[in-house]
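my questions are about this predicted structure, shown below with the sequence.
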Amino acid sequence: MATKGLYCMDGSDYEHRQRIASHYQISALNKSRLKYCIFFHYLLFFAMLAKLSADILDKLDIFILEIEELDIPKPLWWEYIWCISLLLSFLGLEAIKKNKISLMKKYMTGLLLFGFLPLFYAIVYYFSDVWIYLTFEDKDELEDVHMWQGYPYGMLWYAFILLTIQVHLFSMYFSWNLLTAWKMKGTKKFE
């Protein structure tokens, strides 16, 4: 028999063992969020693939009348380079699965090179069209703006770029949080 007052028999003496370390909570939360970002990256990739489909089919010498009638503008090199960023998502997913700091660093570096840089090039490339469209006062000024299906082509790209940069920024943020949590986990072992 336990003496009353000396020992607690209601199980509360184990509360300190039921807490999850903060770096594990941070890791689990950011892994989930990064997976969502990668999912949205896939969706954006398929939108880009739909845009590139006319050029890809032309290179494969496949003719589909419905796609040809859309008169999709020829792609620029940055569009293909940005598509490489999708391959990096496999690095990110592998890093999440194995808690690998080196893979996560490669994912983040690749996202900077193949995700952000092509998008910044596109922002600069389409800036003049977007500026003219946003500040026009006379319809004659719009003759210099490239239009597709009645919409300003640069504004369509800016909409895509805005969404993509948000996804990439969130991916970088969650990746950074994961790196921090994983490093914190490693340093606590040595304390």
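Yep, that arrived.

what is the neighbour count of residue 93?
Neighbour count of residue 93, defined by other Cβ atoms under 10 Å: 16. All C-beta spots, glycine's among them, are computed from the backbone N, C-alpha and C.

make that residue 80, sorry
Residue 80 is flanked by 14 other residues according to other Cβ under 10 Å.

wait, residue 183 sits on residue 99?
No. The criterion here is Cβ atoms under 8 Å, and residue 183 misses it with residue 99 at 10.7 Å.

more neighbours: which of the two?
When residue 183 and residue 99 are compared on other Cβ under 10 Å, the one with more neighbours turns out to be residue 99, at 15 against 12.

from residue 110, how far off is the residue nearest to that one when sequence neighbours are not counted?
Once its chain neighbours are removed from consideration, residue 99 has its nearest residue in residue 182; the separation is 5.5 Å (Cβ to Cβ, 6 or more residues apart in numbering). Noted for residue 182: a distance of 18 Å to residue 110, by Cβ to Cβ, to the nearest Å.

tell me how far the host helix or strand of residue 166 is from the chain's mean position?
Under DSSP states H and E, the secondary-structure element containing residue 166 is helix 153-190. Centroid separation between helix 153-190 and its chain, computed with Cα atoms, centre = their mean, to the nearest Å, is 7 Å.

packing partners for that helix?
helix 22-59, helix 77-98, helix 101-110, helix 117-135 (3 or more Cβ pairs under 8 Å, 6 or more residues apart in numbering; DSSP states H and E).

just give me the neighbour total for the nearest residue to residue 82 once chain neighbours are set aside.
Nearest non-adjacent residue to residue 82, counting by Cβ to Cβ, 6+ apart: residue 118, 4.2 Å away. Residue 118 has 22 neighbouring residues, counting by other Cβ under 10 Å.

contacting residues for residue 118?
With contact set as Cβ atoms under 8 Å, 6 or more residues apart in numbering, residue 118 has these partners: 78-79, 81-82, 85.

do that again at 7 Å, thanks
Residue 118 is in contact with 78, 81-82, counting by Cβ atoms under 7 Å, 6 or more residues apart in numbering.

and if you look at residue 75?
Residue 75 sits in contact with 51-52, 55, where contact means Cβ under 7 Å, 6+ apart.

do you know how far it is from residue 171?
Taking Cβ to Cβ as the measure, residue 75 and residue 171 are separated by 24 Å.
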